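Enquirer: below are the sequence and a predicted model for it; my questions follow.
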Amino acid sequence: MSDLALVVGASGIIGSATVAELKAQQRPVAGLSRKPTQTPGVTAVAADLHDPASLQQALQGLKPTAVYFTTWARQATEAENIRVNAAMVRNLLDAVRPAGSVKHVGLVTGLKHYLGPFEAYGKGHMPATPFREEQGRLDVENFYYAQEDEVFSAAERDGFTWSVHRPHTITGVAVGNAMNMATTLAVYASVCKATGRPFVFPGSQVQWDSLTDMTDARMVARQLLWATDTPAAANQAFNITNGDVFRWKWMWSRIAEWFGLEAAPFPSQVSPLEQQMAGDAATWQKIAQEHGLAEPEIDRLVSPWHTDADLGRPIEVVTDLSKSRALGFLDYQASDQAFFKVFEQLRKDRLIP
């Protein structure tokens, strides 16, 4: 398949993995972001999704047949999340419409489809686990639903197929990404090792004890491309995780072991990372200087608020993958090895010592 793919949010955790997967499959790819990096084999598109005029100008002459929308912009309230993120999808699809080339649009959302938005995350009546695609929407405003509606409306008007992809917590490498548990935990572990602080699990007893799952960014990328190429997957929503399950009481020890640490016992009270890491900016600058690291600003690497939201949930979160498996998507990734691969890349890129 030699048709051009356009990855929207190409510098992000999923977007960069999707670009890499397209390149590995030798497919032509254009990557759109506000400040794109020049990557061999990738057509860089600099545009602001909030600015329709800039989008139309930047995309002029491009004729993508597949569009992968992998980004979002966090706002102060869910009402603003809806307004801003729906507009970003709408602006992008309006900008590619004149070319008349788009055959498929893949939209990446996530398990907040089932858990609710940040303002009501994991609260109220939740669907039973494991989460299944047919469980549908919660009776609450959610920017994921607004993004989907923009895709559905454009697909009906313009005649392309669509797919929606719902990952759980994502592991991958993307500096500056707002939702990056693997990098956050790597920096936290590095600080604990450098200062002698105990490596304390920051989440709830439920998350410590219950089964859960995660999603390697490369798994999302592969499922995006699979859905594009699989006629039976057209106009469907799919959960996507690594395919294994684990308990954090086991994973925490695995991560500690990788960093040469001993995992602390489960704490007597919840110890969120936002509290544990509140004063670590100066410590990280010192670590970065001592080890010649590439990023001395800790806020460019960590997102404690998001890791706390995931690990502090009072409910079990397990995802069902039967729908995509039944249609032939059988990829698998062990979650501990996915963490380790990120840690290795961070060390290689001199982002952790």
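Expert: Yep, it's here.
Enquirer: can you pull the contacts of residue 296?
Expert: 284-285, 288-289 (C-beta atoms under 8 Å, 6 or more residues apart in numbering). Heads up, the C-betas are built off the backbone N, CA and C, glycines and all.
Enquirer: can you flag the buried ones in those?
Expert: Restricting the contacts of residue 296 to buried positions leaves 284, 288, with burial counted as 16 or more other C-beta atoms under 10 Å.
Enquirer: switch the contacts of residue 296 over to JSON lines; also include pLDDT and secondary structure.
Expert: Below are the contacts of residue 296 laid out as JSON lines (pLDDT from 0 to 100; DSSP: H, G, I helix; E, B strand; the rest coil):
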{"residue": "284", "pLDDT": "98", "secondary structure": "helix"}
{"residue": "285", "pLDDT": "97", "secondary structure": "helix"}
{"residue": "288", "pLDDT": "98", "secondary structure": "helix"}
{"residue": "289", "pLDDT": "97", "secondary structure": "helix"}
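Enquirer: any weak-confidence spans in the stretch 1-150 of the chain?
Expert: For the stretch 1-150 of the chain, the stretches flagged by pLDDT under 70 are 1-2, 120-125.
Enquirer: could I get the full set of strands for it?
Expert: 5-8, 29-33, 42-46, 66-69, 104-108 (DSSP state E, counting those that start in this stretch).
Enquirer: the second one vs strand 42-46, what angle?
Expert: Orientation note: strand 29-33 sits at an angle of 30 degrees relative to strand 42-46 (axes from the mean of the first three to the mean of the last three C-alpha atoms, to 10 degrees).
Enquirer: quick revisit: and which of the contacts of residue 296 is nearest to residue 295?
Expert: Residue 295 lies nearest to residue 288 out of the contacts of residue 296, by C-beta to C-beta, at 6.9 Å.
Enquirer: assign the residue nearest to that closest one when sequence neighbours are not counted to helix, strand or coil.
Expert: The shortest distance from residue 288 to any non-neighbouring residue, by C-beta to C-beta, 6 or more residues apart in numbering, is to residue 296 (3.9 Å). Following DSSP: H, G, I helix; E, B strand; the rest coil, we place residue 296 in the coil state.
Enquirer: just the C-alphas of stretch 181-190, formatted as CSV.
Expert: Below are the C-alpha coordinates for stretch 181-190, written out as CSV (Å, rounded to 0.1, in the frame of the first residue of the first chain):
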residue,chain,number,x,y,z
MET,A,181,3.7,7.1,33.1
ALA,A,182,6.8,5.2,32.0
THR,A,183,9.0,8.3,31.8
THR,A,184,7.4,9.7,35.0
LEU,A,185,8.2,6.5,36.9
ALA,A,186,11.7,6.3,35.4
VAL,A,187,12.5,9.8,36.6
TYR,A,188,11.0,9.1,40.0
ALA,A,189,13.0,5.9,40.4
SER,A,190,16.2,7.8,39.3
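Enquirer: now for the strands of the stretch 1-150 of the chain, which one comes closest to residue 263?
Expert: Closest among those, once you apply C-beta to C-beta, is strand 104-108, at 31.9 Å.
Enquirer: list the helices and strands the closest one packs on?
Expert: Secondary-structure packing of strand 104-108 (3 or more C-beta pairs under 8 Å, 6 or more residues apart in numbering; DSSP states H and E): strand 66-69, helix 143-158, strand 161-167, helix 217-229.
Enquirer: out of those, deepest packed?
Expert: Among these, strand 66-69 has the highest mean neighbour count (mean count of other C-beta atoms under 10 Å), at a mean of 29.
Enquirer: how far does it sit from the chain's center?
Expert: 15 Å (C-alpha atoms, centre = their mean, to the nearest Å).
Enquirer: what number of residues lie near the closest residue in space to residue 41 that isn't next to it in sequence?
Expert: Spatial nearest neighbour of residue 41, chain neighbours left out: residue 23 (5.5 Å); criterion: C-beta to C-beta, 6+ apart. Burial of residue 23 is recorded as 15 neighbouring residues (other C-beta atoms under 10 Å).
Enquirer: what's the answer for residue 199, then?
Expert: By other C-beta under 10 Å, neighbour count at residue 199 equals 19.
Enquirer: who are the contact partners of the residue nearest to residue 346 when sequence neighbours are not counted?
Expert: Closest residue in space to residue 346, ignoring its immediate chain neighbours: residue 352 at 4.6 Å, by C-beta to C-beta, 6+ apart. By C-beta under 8 Å, 6+ apart, the contact set of residue 352 is 186-187, 190, 293, 343, 346.
Enquirer: quick one: low-confidence ranges for the stretch 201-350 of the chain?
Expert: In the stretch 201-350 of the chain (pLDDT under 70), no residue qualifies.
Enquirer: what segments of it are helices?
Expert: 205-209, 217-229, 248-258, 273-276, 281-291, 304-311, 322-326, 335-348 (DSSP state H, counting those that start in this stretch).
Enquirer: tell me which other helices or strands the third one touches.
Expert: Counting by 3+ C-beta pairs under 8 Å, 6+ apart, the packing neighbours recorded for helix 248-258 are helix 181-195, helix 205-209, helix 335-348.
Enquirer: tell me how far the shortest one lies from the chain's centre.
Expert: For helix 205-209, the gap between its own C-alpha mean and the chain's C-alpha mean amounts to 22 Å (C-alpha atoms, centre = their mean).
Enquirer: go on, the longest one?
Expert: Distance of helix 181-195 from the chain centroid (C-alpha atoms, centre = their mean) equals 20 Å.
Enquirer: the last one too?
Expert: Helix 335-348 has its average C-alpha position 16 Å from the chain's average C-alpha position, going by C-alpha atoms, centre = their mean.
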